[in-house]
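Engineer: Below are the sequence and a predicted model; questions follow.
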Amino acid sequence: MSFKIGDHVLVLDEDISGTITQIKAQTITIETEDGFLLEFQSNELVKSQKEAALTGLFSKTTIHSVISEKEQPKRKHQAKKRAKDRYEPTMEVDLHIHQLIKSSRGMTNHDMLTLQLDTARHKLDFAISKRIQKIVFIHGVGEGVLKTELEYLFGRYNNVKFYDANYQKYGLGATEVYIYQNVSAD
């Protein structure tokens with residue numbers, strides 16, 4: 001088999017291919033796709049059938065440009081949201097004290113409750129300003145003090161309604177707030 005510089009070849013018994021860059025008698029140097037120069041004997045190489053078959057088909061374009069054009073990445077198909085997922089809350093706020101600060105040592109129950117309520121007020125105001133429609137506040141079950149205080153806080157907003165969040169996902173320890181977006185802020 002006769003080889004010439006520029007031929008694309010495969011190495012027999014090895015998973016290596018490349019383009020011939022130099023021929024000295026029976027020793028042929030190929031450059032791999034990674035840019036390595038390797039020497040082989042001519043009897044260890046075979047012309048790539050894929051390119052050998054295509055060589056005569058194209059006159060104005062190179063084989064590599066045609067192959068790369070055919071190998072263009074496909075447009076990614078955007079996943080459709082299920083109807084159930086569309087109504088899932090877009091924002092969750094965990095009000096457990098260990099999620100808000102590193103250590104509650106030295107804090108009274110009143111201090112912790114104040115921090116949790118301030119966080120809830122701040123996150124609710126943020127959601128309203130960013131036009132986020134649903135937000136879930138995870139407060140835990142406990143004695144119900146935080147939940148009662150949250151309901152009092154939410155009741156002061158005239159553009160929200162609130163109710164127990166999805167029981168399967170959160171159990172009893174979460175409240176979901178729905179924000180009406182078309183109400184103008186006074």
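Structural biologist: Sure, I can see it. Numbers count the residues shown, from 1 in each chain.
Engineer: ok, which stretches of the chain are strands?
Structural biologist: For the chain, strands defined by DSSP state E occupy the ranges 8-11, 17-24, 27-32, 37-41, 45-47, 91-94, 134-138, 160-164, 174-179.
Engineer: Pipe those strands into a markdown table and attach distance to residue 119 per row.
Structural biologist: Every C-beta, even on glycine, is put in place using the N, C-alpha and C of the backbone. Listed next are those as a markdown table, based on distance: least, CB to CB, whole Å:
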| stretch | distance to residue 119 |
| --- | --- |
| strand 8-11 | 63 |
| strand 17-24 | 60 |
| strand 27-32 | 58 |
| strand 37-41 | 63 |
| strand 45-47 | 69 |
| strand 91-94 | 7 |
| strand 134-138 | 9 |
| strand 160-164 | 16 |
| strand 174-179 | 14 |
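Engineer: Looking at those strands, which is nearest to residue 100?
Structural biologist: strand 91-94 (8.2 Å; CB to CB).
Engineer: which residues touch the closest one?
Structural biologist: Here strand 91-94 makes contact (CB atoms under 8 Å, 6 or more residues apart in numbering) with 119-120, 123, 127, 132, 134-138.
Engineer: Looking at these, state which has the most neighbours.
Structural biologist: When those are compared by neighbour count (other CB atoms under 10 Å), residue 137 ends up highest, at 28 neighbours.
Engineer: Per-residue pLDDT of that one, please?
Structural biologist: Listed pLDDT for residue 137 reads 93.
Engineer: Okay, it and residue 179: tell me how far apart.
Structural biologist: Separation of residue 137 from residue 179 (CB to CB, to the nearest Å): 12 Å.
Engineer: Same question for residue 164.
Structural biologist: Counting by CB to CB, the gap from residue 164 to residue 179 is 17 Å.
Engineer: Same question for residue 157.
Structural biologist: 8 Å.
Engineer: list residues touching both of those two?
Structural biologist: Going by CB under 8 Å, 6+ apart, residues that sit against residue 157 and also against residue 179 are 124, 128.
Engineer: so what pLDDT did the closest residue in space to residue 133 that isn't next to it in sequence get?
Structural biologist: Nearest non-adjacent residue to residue 133, counting by CB to CB, 6 or more residues apart in numbering: residue 179, 5.5 Å away. Turning to residue 179, the model gives it a pLDDT of 90.
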